[in-house]
Every structure is written in structure tokens, then in C-alpha cells.
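**Student:** Give me a model of this one.
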Amino acid sequence: MELPKLKKPLFIVCPECHIEHLIKKEFGHDILFLSALGGEYLYGSIEEYEEVSQLIDQENVNQVYIVNSCGCTFLDAVISGNHFKDTPVEQTLNNLYFDHIEDLLPIEEHSERIRVLSELFMKTQGQRLLNSPFLGSKIESGELQCDGIFIDEHKELTPIDLLTTSSKRI
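**Tutor:** Okay, the predicted model is just below:
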């Protein structure tokens, strides 16, 4: 008799943040990681969407977490007004920053600005997954959940609701 395969989460993380150990400490070792600068997974082709979808099916993934950290050099560079590496994720973060500048400027604490920008970023990434081929229909059907996690300066993991129950493809 074959036992049913256990469900496992997939974490989209920035390889420069070195946060995998914190996630393993919280969620155990039977988890998957997908590395992407700043946590922004850029699909270059329909084949890449298909590959991630196949990985999700093969590994019985039922939860995707987009993870950001207060120590993210990309978030810090944007909040500080510095150019770090001129990557696509910095461009995305810069655009978000200026789209929401009226909300961000009154925030005095640097770490709180990073948290707010991070949450905005994770929500746009969640929407990107919802709108994506292969993955969007899995999210809409409830077969695949998509949430965020923010890791603060005290190494606390805070869940972020990325897609409300009323989220729809746009």
C-alpha cells in the first residue's frame, strides 16, 4: 500500500538574504526553495511557468510563500535612495516606491518603510502569480495557496495575506 505524499510548501526567497535557515527552523526540512533576487521570480517564457507548475505538481506543493526580510539589500537600497545593482527587482521596487511615495514618506523609521514596501512588493508578486498561466487557475481553485512572510530585525516571521478571498485575476 502506497502512502499518500505529504503536502509541502515552496518558498520564493532572495539568495542574498540568507534566510533559509530561519524558514527551516520554523517549517522543518521537508520544504522547497526557489531562489530569485529580491524574491521577484521573473518568468521569461511560458516554459518557465510550466516548469514551476510541474515542480508544484511533482512535489505536491499546496502553499507558496513569497518571503522578504528587513535585511534585504534591494529593499534597503530603494528606501535609502541608492543604486545597488541595477537589477529588474530594483526597478520594480523603485516603481512601487514612487507609486506609493505619499504613504511611505511620512514613515520615519527606516525599518518600517522597508516593511511597508516589502508588503506592497509581495502583494504585487502574489497578483503576478494569480495572473500567471498554469499557477493562476490553481490559486483560484484553492488547490494552491499564496501568502507572504516578512522577517523582521528580530528574526520574527510575520505572515502577510497577499490574496484576499475576493482576489481575481486582473
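**Student:** which stretches of this protein form strands?
**Tutor:** 8-13, 32-35, 61-69, 145-151, 157-160 (DSSP state E).
**Student:** Please report how far Val13 lies from Ser137.
**Tutor:** 25 Å (CB to CB, to the nearest Å). Every C-beta, even on glycine, is put in place using the N, C-alpha and C of the backbone.
**Student:** Tell me which of the two has more neighbours.
**Tutor:** Val13 (24 against 14; other CB atoms under 10 Å).
**Student:** Would you agree the more buried one is in contact with Gly38?
**Tutor:** No: the criterion here is CB atoms under 8 Å, and Val13 misses it with Gly38 at 9.7 Å.
**Student:** Report the inter-axis angle for the helix or strand of the chain with the lowest mean pLDDT versus strand 8-13.
**Tutor:** None of the helices or strands of the chain scores lower by mean pLDDT, DSSP states H and E than helix 46-58, at a mean of 85. Angle, helix 46-58 to strand 8-13, by axes from the mean of the first three to the mean of the last three CA atoms, to 10 degrees: 140 degrees.
**Student:** tell me how far helix 46-58 is from the chain's mean position?
**Tutor:** Taking CA atoms, centre = their mean, to the nearest Å, one finds the center of helix 46-58 at 17 Å from the center of the full chain.
**Student:** what sits up against that helix?
**Tutor:** Contacts to helix 46-58, defined as CB atoms under 8 Å, 6 or more residues apart in numbering, come from residues 10, 32, 34, 41, 43, 61, 64, 132-135, 138, 144.
**Student:** For it, buried residues please.
**Tutor:** 49, 52-53, 56 (16 or more other CB atoms under 10 Å).
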